[in-house]
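1. output the structure for:
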Amino acid sequence: MNRVKKLLDSMYAKLFTPGDIVAATGLPRYEVLAALHVLEELGIIELVISKGNYKVYRLTKLGEKLYKALELSESPLLSVELSAGAPQGENSSASLVTESSS
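-> Numbers count the residues shown, from 1 in each chain. As a prediction, the model looks like this:
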């Protein structure tokens, strides 16, 4: 199981904290925090609650789509496409394109 799939398995259909992901995956905390940062920037997860250092996240619709694509195939070809001219951050728009290799 690749690391992205492992992370998404621990995030699917629930609210989660970085500590929850560390406990569920066994991955080092620094690695989980870095992954969450990247996934948030890509629009795969979104911040729900932030109080000081306490943060709660959930998968976005795009994250759920990615999770389901990884469930269907062990080796999908994935690309995340940002809308042309859209700035990164809260207002950016992304889509997920999947193709299974046969």
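2. kindly export the one helix or strand Leu8 maps to (C-alpha atoms) in CSV.
-> Using DSSP states H and E, the element containing Leu8 is helix 3-11. The C-alpha trace of helix 3-11 is given here as CSV (Å, rounded to 0.1, in the frame of the first residue of the first chain):
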residue,chain,number,x,y,z
ARG,A,3,1.7,6.2,1.5
VAL,A,4,-0.9,8.3,-0.1
LYS,A,5,-3.4,5.5,0.0
LYS,A,6,-2.5,4.8,3.6
LEU,A,7,-3.0,8.4,4.5
LEU,A,8,-6.3,8.7,2.7
ASP,A,9,-7.5,5.4,4.3
SER,A,10,-7.0,7.0,7.7
MET,A,11,-8.9,10.2,6.6
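3. hmm, who's touching it?
-> For helix 3-11, the surrounding residues in contact (Cβ atoms under 8 Å, 6 or more residues apart in numbering) are 1, 16, 20-21, 24-25, 27, 32, 35, 39, 45, 57-59, 63, 66-67, 70. (Each C-beta comes from the backbone N, C-alpha and C, glycine too.)
4. put the buried members of the residues you listed into a ChimeraX selection.
-> Filtering the contacts of helix 3-11 down to the buried ones (16 or more other Cβ atoms under 10 Å) takes a single ChimeraX command:
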select :16,20,21,25,27,32,35,39,45,57,58,59,63,66,67,70
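5. in helices, which of the contacts of helix 3-11 fall?
-> Residues from the contacts of helix 3-11 lying in helices, with DSSP state H as the criterion: Asp20, Ile21, Ala24, Thr25, Val32, Ala35, Leu39, Gly63, Leu66, Tyr67, Leu70.
6. nearest residue to the third one other than its sequence neighbours?
-> Right, the one you point to is Ala24. Among residues not flanking Ala24 along the chain, Ser10 sits closest, at 3.7 Å (Cβ to Cβ, 6 or more residues apart in numbering).
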